[in-house]
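Trainee: this is a predicted model, with the sequence first.
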Amino acid sequence: MCKRVDVPRSVTPRVRGLILLTVLVVAAVGLTLALTGGGKRKLVPAGGNSHGTYDPLAYSRTNDAALERAAAAGEGHIVFAKSPGGVLATAKRTAHFRPLVEAAARQGHLDPDMLEAIVFLESAGRPEVIAGSDPQNASGLTQILAETGRDLLGMHIDLAASRRITKRIARARSQKALRHFEAQRRRIDDRFDPRKALAATVRYLAIARRHFGRDDLAVTSYHMGIGNLTNVLSDYGGKKGKVSYARLYFDSSPLHHARAWSLLAQFGDDSSNYYWKLLAAKRIMQLYRRDPAGLRRLATLQASRASAEEVLHPPGSTAIYATPEDLKAAQARHELLRMPNEPGRYGFAIDPLLGQFARRPRQPPALYRALRPEALGLLVYLSAGVRAIAPKSGPLLVTSAVRDVLYQHLVAAANIEATHGYSLHTTGFAFDVRRRYASHAEAEAFQFMLDRLQALNLISWVREPQAIHVTVSSGARVLEPLIGR
């Protein structure tokens, strides 16, 4: 607290709906805007649709709910990946406190699901956990700082005694001794009493709600801090109680409301994504109660790779290209499009080595320099954004694109990072960009674009030793009109 498309039939109907919903939502968000842009205006991603420019993914006030759903999905992978013991174990521990959560939420007129999400995200349902080893730090079920709990929330916290007992807990030799010391600590440090911790969290959220006039900003401040979030809002502008967190986040960039974006970007503890992760945790707990089998399936997809790429395209859901003949046929019917190699126009270039294994199946390298239209449109948008933010940047160097299964096996034999199994490259929805940048400004611009597109659930990405591996959602079809511009 205040601390710094298609889906395989094996997926249950509820998870199937969750996967498809985000794709459709993002498509609707982007399509409305894409149809209003273009013409003679210059494409400037993250530019805010100012005079003479357009951004097909620019923020619109009518799309807050859709953006929240997309961001919860886009930032959900880390919630699955970082849940202690796995997301199912964390959900089980968190659900144990549901009666206390509901009672506390009623007292504060809060959404119990959101309060439960705070428990999930802050402590993973572990009432004795401490951030580090010193109880001065965030502690307890809702991870409250000693200073905040004592000075702002009126909690009884004898920090000296809490420290002494915490050391005894660490040295406890039996479960009986452990329970004895934990009971002692609850009596002298309210943060370790789940009922009192929840009540204090509700008091904090009530204070924050009065200050900001909005529930979404109140829960965002639980991690970011009221003062920090107030400063971001001040730099953004707008009337108190009128600016949603979706607007604050998606309408700020290095090119638009830059001061607000700069403050958000400076928080090293990922505070800017806290609200999206809360929404992801809220969805997880809803699935845990209503569709546990669906949650298990989703957890498997999230755990299969270092990113959420298999959530975007679960195995069996998207056609793969098995042979060079499949690639040729797909390109003939424009299911795959050849990537242009015009760095001056598009801001990306094709690595001369892309397609280097084509001689083994006796094919031209150009056969492997293609992508699905959605992926190519997103690559155009991504590259344009990097160039707009860092005008002196060089072109992004694309090192991998579509592959057939045979070509994938050849790559895997030469590259330990490549898989011999299901590869998103064989769907045409994945590409790699060389981790070589003309300047620090270009690297930062590229990072911003990756983060923003992930928050829109249009991509998942992972950092490999030599390249950034990007998988594109089917929802990126809204960017297809950018091809050829």
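Mentor: Structure's in. What do you need?
Trainee: what comes up buried for the helix or strand where Ala72 lies?
Mentor: If you go by DSSP states H and E, Ala72 is part of helix 64-74. Within helix 64-74, the residues that count as buried by 16 or more other C-beta atoms under 10 Å are Asp64, Ala66, Leu67, Glu68, Arg69, Ala70, Ala71, Ala72, Ala73, Gly74. C-beta here means a position set from N, CA and C on the backbone, and glycine is covered the same way.
Trainee: can you tell me how far the closest residue to Ile350 other than its chain neighbours sits from Ile144?
Mentor: Closest residue to Ile350 apart from its sequence neighbours, by C-beta to C-beta, 6 or more residues apart in numbering: Asn341 at 4.5 Å. Distance, Asn341 to Ile144, by C-beta to C-beta, to the nearest Å: 55 Å.
Trainee: which of the two has more neighbours?
Mentor: Applying other C-beta atoms under 10 Å to Asn341 and Ile144 shows that Ile144 carries more neighbours, namely 31 against 17.
Trainee: and the more buried one, what is it in contact with?
Mentor: Met1, Ala138, Leu153, Met155, Arg191, Ala197, Ala200, Thr201, Tyr204 (C-beta atoms under 8 Å, 6 or more residues apart in numbering).
Trainee: gap between the second one and Ala438?
Mentor: Ala138 sits at a distance of 40 Å from Ala438 (criterion: C-beta to C-beta).
Trainee: how near is the closest residue to Leu145 other than its chain neighbours to Ile468?
Mentor: Computed as C-beta to C-beta, 6+ apart, the closest residue to Leu145 that is not its neighbour in sequence is Ala138, at 5.4 Å. Ala138 sits 32 Å away from Ile468, going by C-beta to C-beta.
Trainee: of these two, who's got more company?
Mentor: Legend: neighbour count by other C-beta under 10 Å for Ala138 and Ile468, higher for Ala138 (24 against 18).
Trainee: didn't the more buried one look like it was pressed against Ala131?
Mentor: Yes. Here Ala138 reaches Ala131: they are 4.2 Å apart, a contact under C-beta atoms under 8 Å.
Trainee: and Trp261, which of the three is it?
Mentor: helix (DSSP: H, G, I helix; E, B strand; the rest coil).
Trainee: my read: it touches Ser253, true?
Mentor: Yes. Judged on C-beta under 8 Å, Trp261 makes contact with Ser253 at a distance of 5.3 Å.
Trainee: compare neighbour counts for the two and give me the winner.
Mentor: Set Trp261 next to Ser253 and count neighbours by other C-beta under 10 Å: Ser253 wins out with 28 against 23.
Trainee: quick one: what helix or strand has that one in it?
Mentor: Going by DSSP H and E, Ser253 is not in any helix or strand.
Trainee: could you find the closest non-adjacent residue to it?
Mentor: Looking at Ser253 with C-beta to C-beta, 6+ apart, the closest residue is Ala46, at 3.6 Å.
Trainee: from Phe80, how far out is Ile284?
Mentor: 8 Å.
Trainee: what do these two both touch?
Mentor: Common neighbours of Ile284 and Phe80, using C-beta under 8 Å, 6+ apart, are Val87.
Trainee: and the helices in the stretch 101-250 of the chain?
Mentor: Here the stretch 101-250 of the chain has its helices, by DSSP state H, counting those that start in this stretch, at 112-123, 146-151, 159-171, 175-188, 194-212, 215-224, 226-236, 245-250.
Trainee: tabulate the ones you listed (JSON lines), appending mean neighbour count and mean pLDDT.
Mentor: Listed next are the helices of the stretch 101-250 of the chain as JSON lines, based on neighbours: other C-beta atoms under 10 Å; pLDDT from 0 to 100:
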{"stretch": "helix 112-123", "mean neighbour count": "24", "mean pLDDT": "98"}
{"stretch": "helix 146-151", "mean neighbour count": "18", "mean pLDDT": "97"}
{"stretch": "helix 159-171", "mean neighbour count": "16", "mean pLDDT": "97"}
{"stretch": "helix 175-188", "mean neighbour count": "15", "mean pLDDT": "97"}
{"stretch": "helix 194-212", "mean neighbour count": "21", "mean pLDDT": "97"}
{"stretch": "helix 215-224", "mean neighbour count": "25", "mean pLDDT": "97"}
{"stretch": "helix 226-236", "mean neighbour count": "18", "mean pLDDT": "96"}
{"stretch": "helix 245-250", "mean neighbour count": "24", "mean pLDDT": "97"}
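Trainee: and these: which comes nearest Pro481?
Mentor: Relative to Pro481, the nearest member of the helices of the stretch 101-250 of the chain by C-beta to C-beta is helix 245-250, separated by 20.5 Å.
Trainee: helices or strands next to the closest one in the packing?
Mentor: Secondary-structure packing of helix 245-250 (3 or more C-beta pairs under 8 Å, 6 or more residues apart in numbering; DSSP states H and E): helix 64-74, helix 215-224, helix 226-236, helix 258-266, helix 440-455.
Trainee: show residues contacting the next helix or strand after the last one.
Mentor: It stands for helix 440-455. Proceeding N to C from helix 440-455, the next assigned helix or strand is strand 459-463, under DSSP H and E. The contact list for strand 459-463, computed with C-beta under 8 Å, 6+ apart, reads 74, 77, 305-309, 311-312, 378, 435, 450, 453-454, 468-473, 476.
Trainee: may I have the strands that pair with strand 459-463, each with its orientation?
Mentor: Next to strand 459-463 in the sheet, as set by DSSP bridges, lie strand 467-472 (antiparallel).
Trainee: so what touches the strand it pairs with?
Mentor: Strand 467-472 has contacts (C-beta under 8 Å, 6+ apart) with 307, 309, 312-313, 372, 374-375, 378, 382, 399-400, 424, 429-435, 446, 450, 458-463.
Trainee: so it versus helix 440-455, what angle?
Mentor: On the basis of axes from the mean of the first three to the mean of the last three C-alpha atoms, to 10 degrees, strand 467-472 is oriented at 30 degrees to helix 440-455.
Trainee: where does the protein have low pLDDT?
Mentor: 1-39, 485 (pLDDT under 70).
Trainee: got the phi and psi for the residue nearest in space to the middle of it?
Mentor: For the chain, the residue sitting closest to the mean C-alpha position, by C-alpha atoms, centre = their mean, is Glu75 at 1.8 Å. Here is the backbone geometry of Glu75 (degrees, to the nearest 10): phi -100, psi 10.
Trainee: my guess is it meets Tyr274, correct?
Mentor: No. Checked against C-beta under 8 Å, the pair Glu75 and Tyr274 is beyond contact range at 9.4 Å.
Trainee: tell me which of the helices of the stretch 101-250 of the chain lies nearest to Tyr407.
Mentor: Distance to Tyr407, taken as C-beta to C-beta, is lowest for helix 245-250 among those, at 37.7 Å.
Trainee: contacts for the closest one, please.
Mentor: 59, 61, 63-64, 67-68, 71, 214, 216-217, 220, 232-233, 236, 238, 260, 264, 272, 275, 452, 455-456.
Trainee: how about it as PDB, C-alpha atoms only?
Mentor: Extracted in PDB, the C-alpha atoms of helix 245-250 (Å, rounded to 0.1, in the frame of the first residue of the first chain):
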ATOM      1  CA  TYR A 245      -7.600   6.300 -15.000                       C
ATOM      2  CA  ALA A 246      -8.100   4.900 -18.500                       C
ATOM      3  CA  ARG A 247      -8.000   8.400 -19.900                       C
ATOM      4  CA  LEU A 248      -5.000   9.400 -17.800                       C
ATOM      5  CA  TYR A 249      -3.100   6.400 -18.900                       C
ATOM      6  CA  PHE A 250      -4.000   6.000 -22.500                       C
END
